[in-house]
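Peer 1: Model the following, please.
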Amino acid sequence: MRRNAIIQALAITGLIASSPLASAASNLVFCSEGSPAGFDPGQYTTGTDFDAVAETMFNRLTQFERGGTAVEPGLAEKWDVPPDGLSYTFHLRPGVKFHSTEYFKPTREFNADDVLFTFQRMLDKEHPFRKAYQAEFPYFTDMGMDANIAKVEKLDDHTVKLTLNSVDAAFIQNLAMSFASIQSAEYADQLLKADKAADINQKPVGTGPFVFKRYQKDAQIRFTGNKEYWKPADVKIDNLIFSINTDASVRMQKLKAGECQITLLPRPADLEGLKKDPNLAMPSQPGFNLGYIAYNVLHKPFDKLEVRQALDMAVNKQAIIDAVYQGAGQAAVNAMPPTQWSYDDTIKDTQYNPEKAKELLKAAGVAEGTEITLWAMPVQRPYNPNAKLMAEMLQNDWAKVGIKARIVTYEWGEYIKRAKGGEHDAMLIGWSGDNGDPDNWLGTLYGCDAVDGNNFSKWCHEDYDKLVKAAKATSDVAKRTELYKQAQHILKAQVPITPIAHSTVYQPMRKDVQDFKISPFALNSFYGVSTGR
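Peer 2: Have a look, this model is predicted:
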């Protein structure tokens with residue numbers, strides 16, 4: 001589609017409303033799937049939040065190469081690690097500027113003070129800013145970084161040293177993740193003095209390739225290209241607009257009409273039609289993800305292993321994959337995808353057996369007709385294209401063994417918040433890997449440190465946890481692999497979750513989009529991307 005046609009379509013939908021934008025040469029509209037819960041990356045854990053915030057407006061000390069898992073320098077040009085692996089000295093990039101906005105005008109460039117503020121706020125619950133604006137940092141704590149980072153020191157304006165209590169084999173990868181985005185200490189100080197600390201989550205300031213302009217919940221987010229970005233060749237878009245549409249069919253219609261140029265998470269039923277459209281491209285790759293059911297072991301009757309085993313074997317997994325994924329998903333056996341190194345392919349899946357499930361439930365003293373809640377996500381995610389349909393099929397499966405499941409859902413941010421608070425009985429959730437390390441699955445999702453965060457099963461198993469922590473504390477890959485395999489056997493036997501599927505990721509876009517890379521971590525980044533013929 002010609003650029004003027006795109007501009008006309010955007011004007012019709014109200015995404016472009018002013019003459020300066022209408023005459024701009026490079027604009028990109030991304031039809032996204034949901035509203036972010038906020039704009040402070042450290043507080044959140046989902047791709048919906050990270051796409052809209054961390055991947056647009058922020059940088060980290062280290063970063064992943066576009067479209068890959070390799071770590072490269074970010075706000076740190078280089079780093080030194082001694083042989084004992086217990087400290088990391090980061091040499092910060094000079095000349096990096098924070099965004100200048102209507103609400104903040106920086107008086108200095110990025111330096112060590114910003115790194116200290118970012119990490120000390122997450123580490124110290126008595127930090128002045130954290131006391132003024134009470135927030136939790138679930139990813140940081142789920143990975144045990146709050147306990148393992150012993151000290152953050154400023155050696156000079158462009159050198160910072162982080163000292164650890166124990167070796168963390170994935171530390172550099174972890175710092176490249178969205179939650180570790182670097183905030184401006186100067187901006188935080190301005191907010192603190194004005195008694196507006198909470199604005200850090202509504203009016204973001206970063207060093208990233210795009211600058212925040214405005215946000216209308218459930219409608220759109222608008223950004224402009226950062227003309228002072230430290231890597232200028234990465235900013236090829238003047239105006240980036242997130243058009244928020246929870247309905248996949250609406251997103252695809254807008255893509256076909258040229259009202260957006262990139263979208264995500266097409267329904268399996270729409271794939272063939274999208275592939276046939278001559279104006280569209282449909283790159284895809286195997287998903288580094290997992291969709292699963294989490295059983296809250298703190299709620300009766302899920303505290304009993306026999307009940308979890310029964311519900312697990314009562315799930316007609318193949319029927320769900322056929323109906324929900326429609327050829328774009330593979331049955332999941334373990335608690336992480338088979339493309340993750342250390343995956344144990346000797347573990348076999350539980351066989352579908354509703355009769356045996358009935359026997360287990362009876363032996364566990366669970367009366368026929370027992371009612372539970374089954375939470376279903378309100379949004380599509382790469383690991384689950386249709387949570388509502390999946391929940392309805394599970395409801396039917398469990399009814400056959402005498403369990404009445406009442407389906408519950410909430411707005412996405414509320415869904416995650418309430419689930420972390422443990423309100424659910426069973427819930428549909430999932431994960432796309434964030435850094436390529438096994439700990440990002442086995443520790444972050446199922447470890448004891450994550451019980452108040454991404455461990456939605458609230459499952460804490462002492463032997464399992466020891467294995468995962470021992471694996472994280474050594475850099476010997478063979479030893480780590482063996483420990484992770486042992487942990488996978490315990491997890492499979494204890495059934496805190498029922499793995500359902502790994503999905504194929506499709507990224508529909510118009511053919512005039514250039515150099516967009518599919519992230520293995522299911523993130524959508526627009527630096528380096530351009531549009532035009």
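
Peer 1: And the one helix or strand residue 285 maps to, what does it pack against?
Peer 2: Using DSSP states H and E, residue 285 falls within strand 284-286. Other helices and strands packing on strand 284-286, by 3 or more C-beta pairs under 8 Å, 6 or more residues apart in numbering; DSSP states H and E, are strand 497-506. (C-beta placed from N, C-alpha, C; glycine too.)

Peer 1: Who are the packing partners of the strand it packs on?
Peer 2: The contact analysis (3+ C-beta pairs under 8 Å, 6+ apart) places strand 497-506 against strand 284-286, strand 289-295, helix 317-320, strand 329-331.

Peer 1: ok, residue 268 - contacts?
Peer 2: The contact partners of residue 268, taken as C-beta atoms under 8 Å, 6 or more residues apart in numbering, are 324-328, 385.

Peer 1: Closest one to residue 515 out of those residues, please.
Peer 2: Closest approach to residue 515 among those (C-beta to C-beta): residue 328, at 24.8 Å.

Peer 1: residues contacting the closest one?
Peer 2: Residue 328 sits next to 268, 271, 385, 503-504, 506 when contact means C-beta under 8 Å, 6+ apart.

Peer 1: Looking at the residues you listed, which two lie furthest apart in space?
Peer 2: Greatest spatial distance among the contacts of residue 328 (C-beta to C-beta): 271 and 503, at 11.7 Å.

Peer 1: Comparing these two, which shows the higher neighbour count?
Peer 2: Per other C-beta atoms under 10 Å, whichever of residue 271 and residue 503 has more neighbours is residue 503, with 28 against 19.

Peer 1: Locate residue 242 within the secondary structure: which element?
Peer 2: strand 239-244.

Peer 1: Share the number of residues neighbouring residue 198, please.
Peer 2: 15.

Peer 1: what's in contact with stretch 118-131?
Peer 2: 42, 117, 137, 140, 145-146, 149, 152, 162, 180-183, 185, 188, 191-192, 197, 200.

Peer 1: I misspoke; the intended subject was stretch 307-319.
Peer 2: In contact with stretch 307-319 (C-beta under 8 Å, 6+ apart) are residues 293, 295, 297, 301-302, 331, 349-354, 356-358, 360-361, 364, 366, 393-394, 397-398, 400-401, 403, 426, 494-496, 498, 500-501.

Peer 1: from these, which would you call buried?
Peer 2: 293, 295, 297, 301-302, 350, 352, 354, 356-358, 360-361, 366, 393-394, 397-398, 401, 403, 426, 494-496, 498, 500-501 (16 or more other C-beta atoms under 10 Å).

Peer 1: Of the helices and strands packed on strand 497-506, flag the one that's most buried.
Peer 2: Ranked by mean neighbour count, those are led by strand 289-295 with a mean of 26 (mean count of other C-beta atoms under 10 Å).

Peer 1: Check the spacing between the residue nearest to residue 352 when sequence neighbours are not counted and residue 354 real quick.
Peer 2: In this structure, residue 352 finds its nearest non-sequential neighbour in residue 316, 5.5 Å apart by C-beta to C-beta, 6 or more residues apart in numbering. With distances taken as C-beta to C-beta, to the nearest Å, residue 316 is found 8 Å from residue 354.

Peer 1: try residue 429
Peer 2: Note on residue 429: its distance to residue 354, by C-beta to C-beta, is 24 Å.

Peer 1: same thing with residue 367?
Peer 2: Remark: distance between residue 367 and residue 354 (C-beta to C-beta) = 17 Å.

Peer 1: ditto for residue 377
Peer 2: 25 Å.

Peer 1: Same question for residue 410.
Peer 2: Relative to residue 354, residue 410 is positioned 30 Å away (C-beta to C-beta).

Peer 1: ok, which stretches of the stretch 51-200 of the chain are helices?
Peer 2: With DSSP state H, counting those that start in this stretch as the criterion, the stretch 51-200 of the chain has helices at 54-57, 112-123, 128-132, 138-142, 145-148, 171-175, 185-193.

Peer 1: Kindly report the same for the stretch 401-533 of the chain.
Peer 2: For the stretch 401-533 of the chain, the helices defined by DSSP H, counting those that start in this stretch cover 412-420, 439-442, 462-472, 477-494.

Peer 1: Looking at those helices, spot the one closest to residue 175.
Peer 2: Closest approach to residue 175 among the helices of the stretch 401-533 of the chain (C-beta to C-beta): helix 439-442, 12.9 Å.

Peer 1: Am I right that residue 215 is in a strand?
Peer 2: Yes. Judged by DSSP: H, G, I helix; E, B strand; the rest coil, residue 215 forms part of a strand.

Peer 1: isn't it right up against residue 221?
Peer 2: Yes. With contact defined as C-beta atoms under 8 Å, residue 215 counts as touching residue 221 (4.8 Å).

Peer 1: Compare neighbour counts for these two and give me the winner.
Peer 2: The neighbour comparison of residue 215 against residue 221 (other C-beta under 10 Å) goes to residue 221, with 25 against 19.

Peer 1: Helix, strand, or coil at the more buried one?
Peer 2: strand.
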